[in-house]
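*Asks:* Predicted structure and sequence below. I'll ask about it afterward.
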Amino acid sequence: MPIKDMANNIAITQILDPATSTATVNTNGVDTAGTNGAMISVLIGESGDTLSSSVKWDLILQDSDDNSSFSAVTDDKFTTFASVDSSGIYATIDAASEDDATYPVGYVGPKRYFRVACTKTGTHSNGTPIGANGLTMPIHKPASGSDDGSPTG
């Protein structure tokens, strides 16, 4: 039986409307100001294309000071739950066994905003459903409704 209330301690925001994509799409930025933690969960549906090393999706973690100009996060010390490579890629979806899945990544870096670029390689004729949620743990709770000023500790 659960003893902790997550519903009033996290805020979930849809940052990429679920849609079938044939081109690169970026999530909206997640604002980390006033939070104790933040993550993005990218939801990949069943691809209508045959995925391979030449027809694939790369999920790239990016951060920004101003929610406008983003750069790839290439240092694992700024991520949780996933590792990034030298290009910021934390997941590659290039096989049928890898679609229909959720790809979460946490961010603990120095920038105020972060997002995920869902980057396509190859020709995607039919597309892949992609959506994303941003999750934050606000410093003050409850996460929804009015801020009563109490710490989440």
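*Replies:* Yep, that arrived. Residues are numbered from 1 along each chain as shown.
*Asks:* Low-confidence regions, the chain specifically.
*Replies:* Per-residue confidence of the chain (counting by pLDDT under 70) places the weak regions at 143-153.
*Asks:* most centrally placed residue in the chain?
*Replies:* Centre of the chain computed as the mean C-alpha position; nearest residue by Cα atoms, centre = their mean is residue 40, 2.7 Å away.
*Asks:* isn't that one right up against residue 27?
*Replies:* Yes: here residue 40 reaches residue 27: they are 6.2 Å apart, a contact under Cβ atoms under 8 Å. Heads up, the C-betas are built off the backbone N, CA and C, glycines and all.
*Asks:* Common neighbours of those two, please.
*Replies:* With contacts taken as Cβ atoms under 8 Å, 6 or more residues apart in numbering, the residues that reach both residue 40 and residue 27 are 15, 115-116, 132, 134.
*Asks:* Would you mind giving those residues as JSON lines with distance to residue 126 added?
*Replies:* Compiled in JSON lines, the shared contacts of residue 40 and residue 27 are given as follows (distance: Cβ to Cβ, whole Å):
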{"residue": "15", "distance to residue 126": "24"}
{"residue": "115", "distance to residue 126": "25"}
{"residue": "116", "distance to residue 126": "22"}
{"residue": "132", "distance to residue 126": "20"}
{"residue": "134", "distance to residue 126": "27"}
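*Asks:* Can you tell me which of those has the most neighbours?
*Replies:* Neighbour count (other Cβ atoms under 10 Å) singles out residue 116 as the most crowded of these, with 31 neighbours.
*Asks:* Could I get the contacting residues of the nearest residue to residue 95 once chain neighbours are set aside?
*Replies:* Take residue 95 and drop its neighbours on the chain: the residue closest to it by Cβ to Cβ, 6 or more residues apart in numbering is residue 51, 5.5 Å away. If a contact means Cβ under 8 Å, 6+ apart, then residue 51 has 57, 93-96, 98-99 as its contacts.
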